[in-house]
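A.B. asks: sequence unknown, structure follows:
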């Protein structure tokens, strides 16, 4: 005879729930990649622009450095699974698309494509499940 397995009501609910709506226990690789790109871009941009303070002080440089710090903060908290971080990085990228409209068409297209890719990666069902799980554990 085979041993009987007893399942709690919580276990049954997890089994019956579709895979896309189950909370994830692991971070999707795509979220890790996007977070890493934002952190790297933030660090490199911050280091580059901070060096410009040596020659002169301009308020515009302060704004640029703050934006670079936002990219770093967004990337770090994206790794933690904080839902607000994906919205911050989406707004950060959308802001760059707007800025690109005042520059070359190539820059505008590049930032627009990056925005679409970031929206796709961060708002897919697997990523959304990860951010839902992370927000429940707090």
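C.D. replies: Perfect, I can see it now. Remember, it's a predicted structure, so these values are computed and weren't measured experimentally.
A.B. asks: could you identify the helix or strand that succeeds the strand or helix carrying residue 31?
C.D. replies: For residue 31, the enclosing helix or strand under DSSP states H and E is helix 29-50. From helix 29-50 onward toward the C-terminus, using DSSP H and E, the following helix or strand is helix 59-80.
A.B. asks: that following helix vs helix 29-50, what angle?
C.D. replies: Using axes from the mean of the first three to the mean of the last three CA atoms, to 10 degrees, the interaxial angle of helix 59-80 with respect to helix 29-50 works out to 160 degrees.
A.B. asks: pLDDT on stretch 54-61, on average?
C.D. replies: The predicted model gives stretch 54-61 an average pLDDT of 77.
A.B. asks: show residues contacting it.
C.D. replies: The set of residues external to stretch 54-61 that reach it, using CB atoms under 8 Å, 6 or more residues apart in numbering, is 49, 52-53. (Each C-beta comes from the backbone N, C-alpha and C, glycine too.)
A.B. asks: of those residues - the most surrounded one?
C.D. replies: The most neighbours of any of the contacts of stretch 54-61, using other CB atoms under 10 Å, belong to residue 49, which has 17 neighbours.
A.B. asks: residues contacting it?
C.D. replies: With contact set as CB under 8 Å, 6+ apart, residue 49 has these partners: 61, 64-65, 68.
A.B. asks: among those, the buried ones, what's the PyMOL command?
C.D. replies: Of the contacts of residue 49, the buried ones can be selected in PyMOL as follows, counting by 16 or more other CB atoms under 10 Å:
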select buried, resi 64+65+68
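A.B. asks: tabulate the contacts of residue 49 (a markdown table), appending distance to residue 92.
C.D. replies: Conversion of those to a markdown table gives the following (distance: CB to CB, whole Å):
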| residue | distance to residue 92 |
| --- | --- |
| 61 | 18 |
| 64 | 13 |
| 65 | 14 |
| 68 | 10 |
